[in-house]
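Q: fold the stuff below for me.
(chains A and B)
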2 protein chains.
Amino acid sequence: MTDHFRFTVAATDGVARTGEIRMPRGVIRTPAFMPVGTAGTVKAMYPEQVKALGADVVLGNTYHLMLRPGAERMARLGGLHAFMQWPYPILTDSGGFQVMSLSGLRKLDERGVTFRSHIDGTAHELTPERSIEIQGLLGADIQMQLDECVRLPAEREAIARAMQLSLRWAERCRAAFGEQPGRALFGIVQGGDVPALRAESARALVGLDLKGYAIGGLAVGEPQATMLAMIEATEPHLPVTKPRYLMGVGTPDDIVQAVSRGIDMFDCVMPTRAGRHGMVYTRFGRMNLRNARFAEDNTPLDPESACPAAHLYTKAYLHHLVRAGEILGMMLLTWNNLSYYQDLMAGLRRAIAAGRLQDFIGETREGWARAERDRGERDRGARDPGGSAGA
Amino acid sequence: MTDHFRFTVAATDGVARTGEIRMPRGVIRTPAFMPVGTAGTVKAMYPEQVKALGADVVLGNTYHLMLRPGAERMARLGGLHAFMQWPYPILTDSGGFQVMSLSGLRKLDERGVTFRSHIDGTAHELTPERSIEIQGLLGADIQMQLDECVRLPAEREAIARAMQLSLRWAERCRAAFGEQPGRALFGIVQGGDVPALRAESARALVGLDLKGYAIGGLAVGEPQATMLAMIEATEPHLPVTKPRYLMGVGTPDDIVQAVSRGIDMFDCVMPTRAGRHGMVYTRFGRMNLRNARFAEDNTPLDPESACPAAHLYTKAYLHHLVRAGEILGMMLLTWNNLSYYQDLMAGLRRAIAAGRLQDFIGETREGWARAERDRGERDRGARDPGGSAGA
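A: As a prediction, this is how the structure comes out:
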């Protein structure tokens, strides 16, 4: 282990890289997917399961944790790692994004943002300095600057204004963060869907010499092509020696596309949220287990997966649990989905190391597409009076 | 293992007994607590966790399973054991109790009961013969006769009528069950809160020479003293060579009282349901983790428990999860509660074997009471201006 935050690239394939971040609390293998542990728990998972699947780092949401249990209380309790029994690295966001999306009566100005809690209506202020203070009280290993995300589509002027404000906030966050050898502060590139603004934001942030750089303000409903174009507009301006984190992304396909464009870190609620709503991600594509076609399907999600949720239970059983609203259904589907995401990241890391990333992506996408084609054909067969009876 | 259902008593202490039921799918150590797996899952638990805690048998609800996924479908899928990945013994109830409590528009006569599903309103009929057929399709190892429970208080005449009907249904169930060497059919003693009717019911059922006898129609809101009096009115009429099952009971104290009166088997939703609502059962009594007193309590539920839910996480964390409505809170509290119930059963078995059941019960009740006294004193201290600040 190490006393410092240190990122090393072990191999590249095009602009894609695989490597590791060494920190006092552990090693993060990149490209990395960070399961989201919003309120101090990766929903419906025991922490040791999350680790066993291959997650090296989880994300905590500053907005949720500052409201409940509260940052000062968390510090008195020994910090987030002890609280949630996750002794490995934790990345926290700044709280800004969720202030914008979840809280009421918010007011944003140069100083910061004031808002009311969605839980109890109490008034709170989040400034760059307070965001860093809270993330420190939580004990986060990787902390994010406070930024302003604009909802797309937006006028170029509004996008530029928010990007410039985010840059000024990045400087204030850097000053508030100071020197913390075993921890890292990441800046966040903004600039909406305007390549020139993305480039400007990236260059200015790099001038602050931060430990890592995130790309924010994407995965907010824009087409995948826009997201990929913004990565391509940003990546050349980021140093190859620092980790790059694409915030809030995404589907398995978003991830493989972004990795091939040089991204090292991801977080997304998709595998966990989808798992609570009957959706699974597998080598064979995405499936909605509520679908009646699974009612008598006695096959597992993936017999070759190491995850019990994927190989031990039948789709008929999972379908039943989902239809009955059983908690075990959410537990098993979340487990499967996080397992698939971590397996995908491991596959991407191996493929980059072997110099065959594009082949791996092609095979992966073909696996999704072939299975979805087959399911479509079976469905047509079931609807055909000459076909076998559908369930 | 064995091809037959076989109950042996290894030791007695007063009328209390410890022993085991050997069946093809495993050994049930008695006294036994059976976690309730209503719809093919012990809610919020992986099946391997349930087994690891010491549960030898779980209960499935015929009413729920006949409606979803359906008995014939379950048989096509290979039966309940394979469906829910529980290869050990399963006991199913007859469905009758839940028809009475959950379904709409029910009509009961000599033939059986007709009702509408609480899920989709479809019409169904449950007769003694159909109940046994369904339990067979599910693959249940221990099956229960269809019976009629009356809600207490009730007139003696109504209680007697339901008890007599239950006896006639017991005979029909026995005929429908036939000979199934590795499986067992249990009769159910009815008779409400009338000792003479309980005795009459027990004697008549014993005449049918069933594999085991349950006491039904209790734990429906009557005082504990009534429940214990009904056990005492029944027990002398039951053969010592057959297992005795007190249905739907109960709190830890109900269980120790019933064990000391000769009961061998229990099922109850209490540990699982309470766990989904913030309540925990421990050596130190019952606690409501929603209570603000736990917000900064950095101690675990029970540092000496083998269950991670009890020794690994702090009460402050569990309080947070409960307040935030997190699924992990339900998972951990359920796990703790089932762990405590199974530990209590193991303690009862050891105490009976050692001939010190009454001492064990006294120590156990003293542990609950002392901790509850201490918590009361701390609360008064916290409210005292001279005391330490409350959370």
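Q: which SSE is the residue nearest to residue A:106 when sequence neighbours are not counted in?
A: What sits nearest to residue A:106 in space, not counting adjacent residues and going by Cβ to Cβ, 6 or more residues apart in numbering or on different chains, is residue A:115, at 4.0 Å. Using the backbone N, CA and C atoms, a C-beta is placed for each residue, glycine as well. Secondary structure assignment for residue A:115, by DSSP states H and E: strand A:113-116.
Q: burial count for residue A:212?
A: The number of residues packed near residue A:212 is 22, by other Cβ atoms under 10 Å in any protein chain shown.
Q: hmm, it is touching residue A:242, no?
A: Yes: in this structure residue A:212 lies within contact range of residue A:242 using Cβ atoms under 8 Å: 5.2 Å.
Q: list residues touching both of these two?
A: Residues within reach of residue A:212 and of residue A:242 at once, by Cβ atoms under 8 Å, 6 or more residues apart in numbering or on different chains, are residue A:7.
Q: which ones are touching the residue nearest to residue A:106?
A: Contacts of residue A:115 (Cβ under 8 Å, 6+ apart): A:99, A:103-107, A:123-126.
Q: which one in those residues is the model shakiest on?
A: pLDDT across these is lowest for residue A:105, at 68.
Q: now tell me what touches stretch A:353-362 from outside.
A: With Cβ under 8 Å, 6+ apart as the test, stretch A:353-362 has contacts from A:10-11, A:13-14, A:16, A:18, A:256-257, A:259-260, A:347-348, A:350-351.
Q: mind listing what the closest residue to chain B within the stretch 101-250 of chain A touches?
A: Distances between the stretch 101-250 of chain A and chain B by Cβ to the nearest Cβ are smallest at residue A:119, namely 8.7 Å. Residues in contact with residue A:119 (Cβ under 8 Å, 6+ apart) are A:67-68.
Q: that one: what secondary structure?
A: coil (DSSP: H, G, I helix; E, B strand; the rest coil).
Q: not counting its neighbours along the chain, what's nearest residue A:75?
A: Nearest non-adjacent residue to residue A:75 (Cβ to Cβ, 6+ apart): residue A:137, at 4.2 Å.
Q: ok now whichever strand or helix holds that neighbour, how far from the chain's centre?
A: Under the criterion of DSSP H and E, residue A:137 resides in helix A:128-138. Taking Cα atoms, centre = their mean, to the nearest Å, one finds the center of helix A:128-138 at 21 Å from the center of the full chain.
Q: show me which residues of stretch A:65-82 are buried.
A: Residues A:65-71, A:73-74, A:77, A:79-82 are the ones in stretch A:65-82 that count as buried (16 or more other Cβ atoms under 10 Å in any protein chain shown).
Q: show me those residues that map onto helices.
A: Within the buried residues of stretch A:65-82, residues falling in helices by DSSP state H are A:65-67, A:71, A:73-74, A:80-82.
Q: one step back: identify the bridge partners of the residue nearest to residue A:106.
A: residue A:124 (DSSP bridges).
Q: my guess is residue A:40 contacts residue B:320. True?
A: Yes: shown here, residue A:40 and residue B:320 form a contact pair, counting by Cβ under 8 Å, at 6.3 Å.
Q: report pLDDT for the residue nearest to residue A:106.
A: 93.
Q: try residue A:256
A: 98.
Q: report the separation between it and residue A:352.
A: Remark: distance between residue A:256 and residue A:352 (Cβ to Cβ, to the nearest Å) = 11 Å.
Q: same question for residue A:341.
A: As judged by Cβ to Cβ, residue A:341 and residue A:352 stand 17 Å apart.
Q: no further queries at this time; thank you.
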